[in-house]
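Visitor: quick one, structure for this:
(2 chains)
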Amino acid sequence: GAVVSQHPSRVICKSGTSVKIECRSLDFQATTMFWYRQFPKQSLMLMATSNEGSKATYEQGVEKDKFLINHASLTLSTLTVTSAHPEDSSFYICSARTPEDQETQYFGPGTRLLVL
Amino acid sequence: KNQVEQSPQSLIILEGKNCTLQCNYTVSPFSNLRWYKQDTGRGPVSLTIMTFSENTKSNGRYTATLDADTKQSSLHITASQLSDSASYICVVRGRGSYIPTFGRGTSLIVHP
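Guide: So this is what the prediction gives:
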């Protein structure tokens, strides 16, 4: 149980375009989802916390107008990288938490974004 | 500032050998510590979780230890397999905080 999927698994886009990444909890309802970014050989860095039906809470230094997060349902959160630039190329990972277990985050498989 | 430091940064061992990865943290007050395995290009998968009162926890060939007094943890892998090649990440959560602190991970390569 507690499976989280992400789509797409990898995407290549041109500089200036926008890219949407989906994060789904497949077998549970996730009231809270988290979005992370991971650069090569670096740790996961929390970008934002997404609560269903409310605005996301962004970490310091993360531009909310550039990284749009929508958590419209209990099983889906989306991250849109707007006007992507090469420096946005990274590995984006989401995680979800079940209402019954606030301690555990279940991670998705990640999305590799390459901006040309 | 809460920090989690892992060592070594990378490690290469032969298949069948044992190895131990280290994690030192400054997160306080402490709630729990997790070890994750992250395969290349994949999301992290939880191996073990330990709270303040737990000294050791095993998951198959993986055994984690915790010394909350010295704020140190280790992950011991026994009889390594090729599939153990991955990044192992130590994650510590402080009491009262829902946002954990991630270590940079130790990259383990197991050679045949």
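Visitor: every contact and neighbour count from this point should use C-alpha atoms.
Guide: OK.
Visitor: ranges for the helices of chain B?
Guide: Counting by DSSP state H, chain B forms no helices at all.
Visitor: near chain A, which residues of it?
Guide: Listed as neighbours of chain A in chain B under the rule C-alpha under 8 Å from any C-alpha of the partner chain: B:41, B:42, B:43, B:44, B:45, B:98, B:102, B:103, B:104, B:105.
Visitor: wait, the first one sits on residue A:93?
Guide: This means residue B:41. No - at 10.0 Å, residue B:41 does not count as touching residue A:93 under the criterion of C-alpha atoms under 8 Å.
Visitor: you'd agree residue A:30 is up against residue A:99?
Guide: Yes - the pair residue A:30 / residue A:99 is scored as a contact, 6.7 Å apart, by C-alpha under 8 Å.
Visitor: which one's more surrounded, those two?
Guide: Per other C-alpha atoms under 10 Å in any protein chain shown, whichever of residue A:30 and residue A:99 has more neighbours is residue A:30, with 26 against 12.
Visitor: state the phi and psi torsions of the more buried one.
Guide: Main-chain dihedrals, residue A:30, degrees, to the nearest 10: phi -110, psi 110.
Visitor: how about it, what does it touch?
Guide: A:52, A:74, A:75, A:96, A:97, A:98, A:99 (C-alpha atoms under 8 Å, 6 or more residues apart in numbering or on different chains).
Visitor: give me the neighbour count for residue A:79.
Guide: Other residues close to residue A:79 by other C-alpha under 10 Å number 21.
Visitor: residues contacting it?
Guide: A:20, A:21, A:22, A:35, A:67, A:68, A:69, A:70.
Visitor: which one of these is nearest residue B:25?
Guide: The nearest member of those to residue B:25, counting by C-alpha to C-alpha, is residue A:35 at 23.1 Å.
Visitor: which one is the closest one nearest to, not counting chain neighbours?
Guide: residue A:94 (4.5 Å; C-alpha to C-alpha, 6 or more residues apart in numbering or on different chains).
Visitor: export the helix or strand the one you found falls within to PDB, keeping only CA atoms.
Guide: Per DSSP states H and E: residue A:94 is located in strand A:90-98. What follows is strand A:90-98, C-alpha atoms only, in PDB (Å, rounded to 0.1, in the frame of the first residue of the first chain):
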ATOM      1  CA  SER A  90      16.800  18.800 -12.000                       C
ATOM      2  CA  PHE A  91      15.200  15.800 -10.500                       C
ATOM      3  CA  TYR A  92      11.800  16.700  -9.000                       C
ATOM      4  CA  ILE A  93      10.300  14.300  -6.400                       C
ATOM      5  CA  CYS A  94       7.000  14.400  -4.600                       C
ATOM      6  CA  SER A  95       5.900  12.700  -1.500                       C
ATOM      7  CA  ALA A  96       2.600  12.200   0.300                       C
ATOM      8  CA  ARG A  97       1.500  11.600   3.800                       C
ATOM      9  CA  THR A  98      -1.600   9.700   4.900                       C
END
